[in-house]
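Undergrad: Compute the structure for the input listed below.
(chains A, B, C and D)
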There are 4 protein chains.
Amino acid sequence: MRVGMLTGGGDCPGLNAVIRAVVRKGEVHYGDGFVGFRDGWKGLVEDRTQPLDVEHCRGILPRGGTILGTSRTNPYKIDDGVARVLRTLEAREVDALVAIGGEDTLGVAHRLAAEGVRVVGVPKTIDNDLSGTEVTFGFHTAVQIATEAIDRLHTTAESHDRVIVCEVMGRNAGWIATYAGIAGGAAEILVPEEPFHIDTVCESLKARHAQGRYASIVVVAEGAVPVAGTLEVASASTDQFGHPRLGGIANVLAPEIERRTGFETRVTILGHIQRGGTPTAYDRVLATRFGIAAIEAVHDGAFDQMVALRADRIVRVPLGDAVTTLKTVDPDLLHDVAGSFFS
Amino acid sequence: MRVGMLTGGGDCPGLNAVIRAVVRKGEVHYGDGFVGFRDGWKGLVEDRTQPLDVEHCRGILPRGGTILGTSRTNPYKIDDGVARVLRTLEAREVDALVAIGGEDTLGVAHRLAAEGVRVVGVPKTIDNDLSGTEVTFGFHTAVQIATEAIDRLHTTAESHDRVIVCEVMGRNAGWIATYAGIAGGAAEILVPEEPFHIDTVCESLKARHAQGRYASIVVVAEGAVPVAGTLEVASASTDQFGHPRLGGIANVLAPEIERRTGFETRVTILGHIQRGGTPTAYDRVLATRFGIAAIEAVHDGAFDQMVALRADRIVRVPLGDAVTTLKTVDPDLLHDVAGSFFS
Amino acid sequence: MRVGMLTGGGDCPGLNAVIRAVVRKGEVHYGDGFVGFRDGWKGLVEDRTQPLDVEHCRGILPRGGTILGTSRTNPYKIDDGVARVLRTLEAREVDALVAIGGEDTLGVAHRLAAEGVRVVGVPKTIDNDLSGTEVTFGFHTAVQIATEAIDRLHTTAESHDRVIVCEVMGRNAGWIATYAGIAGGAAEILVPEEPFHIDTVCESLKARHAQGRYASIVVVAEGAVPVAGTLEVASASTDQFGHPRLGGIANVLAPEIERRTGFETRVTILGHIQRGGTPTAYDRVLATRFGIAAIEAVHDGAFDQMVALRADRIVRVPLGDAVTTLKTVDPDLLHDVAGSFFS
Amino acid sequence: MRVGMLTGGGDCPGLNAVIRAVVRKGEVHYGDGFVGFRDGWKGLVEDRTQPLDVEHCRGILPRGGTILGTSRTNPYKIDDGVARVLRTLEAREVDALVAIGGEDTLGVAHRLAAEGVRVVGVPKTIDNDLSGTEVTFGFHTAVQIATEAIDRLHTTAESHDRVIVCEVMGRNAGWIATYAGIAGGAAEILVPEEPFHIDTVCESLKARHAQGRYASIVVVAEGAVPVAGTLEVASASTDQFGHPRLGGIANVLAPEIERRTGFETRVTILGHIQRGGTPTAYDRVLATRFGIAAIEAVHDGAFDQMVALRADRIVRVPLGDAVTTLKTVDPDLLHDVAGSFFS
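TA: Okay, here's the model as predicted:
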């Protein structure tokens, strides 16, 4: 078979491991040929391709990013976009497509499947907020990077008796904040799932102080929001170009904590380092398993489906089911586990 | 309640995170008091204890090892051992016991439960070979360490056109070898589950060579064995004190590969570095979840049970079921996933 | 002898290694007793001490921060400050003082020496900008952390064809930016020593683009400034409390680059993670050598002097000389070495 | 100019950074063309080359190993070897040669210089034992890897009350052992420079034990030897092929310690992981500086010389001087610094 492949949305550690696994299994085991589309759906809209075979995948397993490039282009939002995708697939004689991406990328894949495109999805979101799979690759790498950063922040907070507010990724769900907060021994974890009340945060920090714990790390997801009417955050939410701004909430939160508690408070916004670089071993294995399963799905004709992890097994789930619901953090994890370490 | 705690068997990254979670949740949420027993069951046999409260657990989350010490002492193999354990529990006024350990430690816990000891188990094995739980803490840390080592070995193997045989832990099951082998891009993975044939290994390396791939990493679990009668390994299996020897099989395998293929072959035995040091974020979270669940089980009266991970949920399983079967590597993972990258 | 010790200024990886070396060598070799002063000169002003002996130093070698705490308190800026310092030294029966700190802390030490205080200095600045010593501990740890971050930024920059502006520490000198920029393969390095021209930066990025290099990392020291009159930066330089703000310049620079070049540009400000956490092996050894040399200087009566590294030897230099001149980046390193990789 | 380049001897982190710096500076600044010779002097003997320009050096800065390959071939030990080297240089129209290697590789370079070859040397030895330069690239990376391993060994040693003997590289000089031992907090450091006495080692460990320090790390360089007549080591020194064996001495030392002290003792031999993988930031900068300086030396006609680091400056030293003396560990470092932490 002739198989096309693309990666869409934000980059994520493990994308290259998926690509390598699909190509290796496809070429060596099934005798497939491959074509890489550049920069997500954009490559199909604009018919921009790159050669893709086992030789092109040498050495990419430990490398972050994606050798195919990525973008947020959505053919359904472009004049004639879908027709151009279909023309490219025909012109390139693509029998089946492997689409690696998040909610948007796989949403397009699902709609294209309805138009007859034979497509298999591989779930990708560093935020781990895609329903249908227990976990996505890249997530544990981001958590590891954030945890190592928090480990470092502890010693500086302790030397200076400071509060440090550490902002991590997570626009719609607080998985990274919750995991890194638990792993890093945070005093508070603030997530989008539950609006926070600044009074409660400050009372908790004061209670720690009263116990002689003068250094505290507050981990906050970028999408965390205060209870309506309790704290003004509007100005921080976009930059001058209207981009959603990395680092909004921590810059609001920290001075407010310092003002209310009198404790010296500093900000660290981890930003892009969470999504770059070599994947952890866990993510390399998960991404490889997804890749192997994706090409097997192609050969089984299991189209309009996505590979997923459930109870340590790779399964297939309908693309339509997978991309409609946001997977939010388990309240038990947040309250019974993480909450046990808050004052 | 007054709760005793012990850690038994080989040390493992995450033990301190379990201890901290049990103590923190118990003391703050339930008002429990704790007593630490030194060096596993030995502390109960010899009535050696150490104070254990929230203050003693400050700063231990990221630290490897166990603040309680550990040993392989089995009270059932000591004269009067069980009676001494029971006397210690009574003298120390212990209402319930949290035992953190592997097959041996939890086997003792299960037998003591039959004698009326109120005990909850927390599964621990760096080898990930304990049935009843999908994964154990420490395993992914060991895999990460081994994978980073393999990443390093690749560049030296490539510079010198060498085969490097890298021996990892795994006496009875090849989980670490399989995961680290997939994550590290190994050319061959040898595990205890399936005796290897030296001819097959060498043919595969020669096939790679013929394709211009002059550098190869062979990952071998310490418990891997050759097909009976194909390779002499007896002399390598114990040291002069009769200890099971770290690093038996690689030292046999490497010269044999060099002799048969003519390719320069070197050995690296990772040994104890795989079990020491700070746990990964994944293992810190898993260990913390296990600890929280263990003290909850104590308060639910769920004795003679073990906490476990299934489908990303913490569940309880009878201790009797958990410790009887060895969990071996899924053949699909070994053949369909890892095997896709062998020549 | 009875020796006092303090750490002042910003925290820095390796402070604990210095403390441990001083105490170990002093107690075991010379039979000294020690007293720790809390939070730099503040502990002497307020007579706040902590016990300090070999036992208190167990396990601190690999730990970031300082077990003595630190502050920026300057007794010469406090009413009666110097007299209180002298009274504390007398009350605590301190024969000699080891002061570990940067320009400010050692400047106080030098002035106190003129008042008869027997003090030995140990140079500390993560920015590496202290004259009198070839290198200071903590610097290479910060460079290593920044370089690992830049490695991660490369893959995300490449996947998205982006410019990423990475801001590192260095208020008055660009050592971290220069070293991390060379080690991380930066496209541009901007340092306080040489005001930058935004036009030149943008032309260079466009030249790279024209060669097909669509991803670029710009490393900028927090103290880098534009040539006067070329770019407005005032608003970014302090936060609402008047603190010098971490992350001023990158937030100005990135949108300006995007506006002028049309290339998508993002910001990462490393901030406090550069100064926390375990020191590199290099810094642990250097800090240990400094500590050993400091207590030897005390016993040699080499007061009002600072230990320093020159040509891989530990030497002593007068405190007065050491703290007066800023050590800036060697122009050859910036132009002939780093500059060779710019377009 | 047309410049040839080769890397010889064992691989070492930073080789690629040297290569990249030479090529980048040469091509962009001087307009040079390059030819890479494969596998050290072997490539010149056998006229095996590879293309080498700025494009070939993309992305190699953080990669361990050498893209040119390496070997220990010595043309002076091969019939007609030197003549073949000279013929290759002529046939390939090489105006000057940059030879990157250790004592053997640079020794050949120096002899070829006497035959009229225009050659500049770049010092390379992971063991840091080359006189003429204060430090060599790769050394601090090896020390960092060894130190991280020792950090890990501490927690496992402490959990089990064990002695762990950790063998590191260093056949003729104990730089890695000394630095990693200091940085890792070793209880004993054994180096080739000073034969050890097993009684002294065991007495020291017993003294620690008597102070309640039940866990000890002994760092031993592979080339450390016992005082003549005190311990039998012959059998461990070569493998069955007569290769000098990685891991001789630790396997002799550990059982002897256990036998004499009764303390459980284990072995870890770090081996090849010390020389592979990405260089530290320090080594990337040093290697880059060496590379820039080497091509500048070529254009200055400074042949039969080697670039070197002295007092943080890059200088040139005659090749003849540089390769004749072994640089051994400073006794002050071993006794006054490291020794201060032994019992």
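
Undergrad: Can you tell me the centre-most residue of chain A?
TA: Taking Cα atoms, centre = their mean as the criterion, residue A:126 is the residue nearest the geometric centre of chain A, at 1.5 Å.

Undergrad: Next up, the contacts around that one.
TA: A:10, A:12, A:13, A:136, A:138, A:139, A:141, A:142, A:169, A:176, A:274, A:275 (Cβ atoms under 8 Å, 6 or more residues apart in numbering or on different chains). Backbone N, C-alpha and C define where each C-beta goes, glycine included.

Undergrad: Now the two most distant members of those.
TA: A:136 and A:274 (14.0 Å; Cβ to Cβ).

Undergrad: Of these two, give the one with the bigger neighbour count.
TA: Remark: of residue A:136 and residue A:274, residue A:136 carries more neighbours, 28 against 25, as counted by other Cβ atoms under 10 Å in any protein chain shown.

Undergrad: in the helix or strand hosting residue A:149, what's buried?
TA: Using DSSP states H and E, residue A:149 sits within helix A:139-160. Going by neighbour count (16 or more other Cβ atoms under 10 Å in any protein chain shown), the buried part of helix A:139-160 is A:139-160.

Undergrad: Could I get the contacting residues of the closest residue in space to residue A:174 that isn't next to it in sequence?
TA: Nearest residue to residue A:174, sequence neighbours excluded (Cβ to Cβ, 6 or more residues apart in numbering or on different chains): residue A:191, at 2.4 Å. Counting by Cβ under 8 Å, 6+ apart, residue A:191 touches A:170, A:173, A:174, A:177, A:178, A:221, A:223, A:224, A:329, A:334.

Undergrad: Next up, identify which helix or strand the residue lying closest to the last one once chain neighbours are set aside is on.
TA: Read that as residue A:334. Nearest residue to residue A:334, sequence neighbours excluded (Cβ to Cβ, 6+ apart): residue A:178, at 5.8 Å. Using DSSP H and E, the element containing residue A:178 is helix A:175-184.

Undergrad: Can you tell me what sits against the helix or strand following that helix?
TA: Downstream of helix A:175-184, the first helix or strand assigned by DSSP H and E is strand A:188-190. When contacts are defined by Cβ under 8 Å, 6+ apart, strand A:188-190 is touched by residues A:174, A:177-178, A:181-182, A:196, A:201, A:204-205, A:216, A:218-221, A:224, A:249, A:253, A:334, A:338, A:342.

Undergrad: Name the strands paired with strand A:188-190 and say parallel or antiparallel.
TA: Strand pairing for strand A:188-190, determined by DSSP bridges: strand A:216-221 (parallel).

Undergrad: Distance from the partner strand to the middle of the chain?
TA: Distance of strand A:216-221 from the chain centroid (Cα atoms, centre = their mean, to the nearest Å) equals 19 Å.

Undergrad: Spit out the contact partners of the nearest residue to residue A:120 once chain neighbours are set aside.
TA: Leaving aside its sequence neighbours, residue A:120 sits nearest to residue A:297 (Cβ to Cβ, 6+ apart; 4.6 Å). The contact partners of residue A:297, taken as Cβ under 8 Å, 6+ apart, are A:120, A:303, A:305, A:307, A:316.

Undergrad: Might you report the residue contacts of the residue lying closest to the second one once chain neighbours are set aside?
TA: So that's residue A:303. Leaving aside its chain neighbours, residue A:303 sits nearest to residue A:118 (4.6 Å; criterion: Cβ to Cβ, 6+ apart). Residues in contact with residue A:118 (Cβ under 8 Å, 6+ apart) are A:95, A:96, A:97, A:298, A:301, A:303.

Undergrad: which ones among those residues are found in helices?
TA: residue A:298 (DSSP state H).

Undergrad: Check the contacts of residue A:118 and tell me the two furthest apart.
TA: Using Cβ to Cβ, the two most remote members of those are A:97 and A:301, lying 13.2 Å apart.

Undergrad: Who has more neighbours out of those two?
TA: Neighbours per residue (other Cβ under 10 Å) separate residue A:97 from residue A:301, with residue A:97 holding more: 24 against 10.

Undergrad: Show me which residues of the stretch 151-300 of chain A are close to chain C?
TA: Contact residues, the stretch 151-300 of chain A versus chain C (Cβ under 8 Å from any Cβ of the partner chain): A:151-161, A:164, A:239-241, A:246, A:255, A:258, A:266-273, A:275-277.

Undergrad: Show the secondary-structure elements that the very next helix or strand once past the helix holding residue A:149 is packed against.
TA: Helices and strands here follow DSSP H and E; after helix A:139-160, the next one along the chain is strand A:163-168. Contacts defined by 3 or more Cβ pairs under 8 Å, 6 or more residues apart in numbering or on different chains; DSSP states H and E place strand A:163-168 against helix A:139-160, helix A:175-184, strand A:216-221, helix A:249-261, strand A:265-269.

Undergrad: Export the ones you listed as TSV, with columns for mean pLDDT.
TA: Below are the helices and strands packed on strand A:163-168 laid out as TSV (pLDDT from 0 to 100):
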stretch	mean pLDDT
helix A:139-160	96
helix A:175-184	98
strand A:216-221	98
helix A:249-261	95
strand A:265-269	96
